[in-house]
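Visitor: Following is a predicted model, sequence given first.
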Amino acid sequence: MVRRPLTNRTTTAGSGRCAEGEAAAIVTKVTVGQYVKLQVWTSRPLLAAGRTPDELAVLTLGDVPESPDRERLRARRAALGLPAGDEAPLIVDPVRGEAVDVQALPLHLRRARSTGVSLQANGGVCRGLLRERYATVGVGEEEI
């Protein structure tokens, strides 16, 4: 498959701005990425505490101790229309909207970690570009 540069796909009539529907698609894609990353952040302490993948595959959101990551995970799910109540499975595939089974869990979490790294890298690049373009310090950044 040949991919065109993003600028050719997301601009309208040479304006340099994203079309409304395309901007919404980008926001959804980033929200899915954040959701997937938060699954790792929420499950990592459980695995470190000795939970097995078999146990992780059957846990619900209500089984997980309250934390900021769990609440962010819940909020991203709600934004995506995925089950977000205490009875909802902890690890849910964002495309199918179903619990990830134990056989698929290790690969799902590896991909989720990779997604998190990608989001952090892309965010750093974007902040750097904005800093250069507008000669300002971004939110959460300091002057060097």
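Guide: Noted; the coordinates are in hand. Numbering: from 1, shown residues only.
Visitor: OK, contacts around Leu61?
Guide: Arg70, Leu73, Arg74, Ala84, Gly85, Asp86, Glu87, Ala88, Pro89, Leu90 (C-beta atoms under 8 Å, 6 or more residues apart in numbering). Glycine gets a C-beta too; all of them are placed from N, C-alpha and C.
Visitor: Which residue, other than its chain neighbours, is closest to the most centrally placed residue in the chain?
Guide: Nearest residue to the geometric centre of the chain (C-alpha atoms, centre = their mean): Gln34, 1.6 Å. Nearest residue to Gln34 in three dimensions, chain neighbours excluded: Arg76, at 5.5 Å (C-beta to C-beta, 6 or more residues apart in numbering).
Visitor: Helix or strand: which one has the one you found?
Guide: Element membership for Arg76 (DSSP states H and E) is helix 68-80.
Visitor: other SSEs contacting the helix or strand following that helix?
Guide: Using DSSP H and E, the helix or strand that follows helix 68-80 towards the C-terminus is helix 105-134. Here helix 105-134 touches helix 20-48, helix 53-58, going by 3 or more C-beta pairs under 8 Å, 6 or more residues apart in numbering; DSSP states H and E.
Visitor: between those, which one is nearest to Ala99?
Guide: Nearest of the helices and strands packed on helix 105-134 to Ala99, taken as C-beta to C-beta: helix 53-58 at 7.1 Å.
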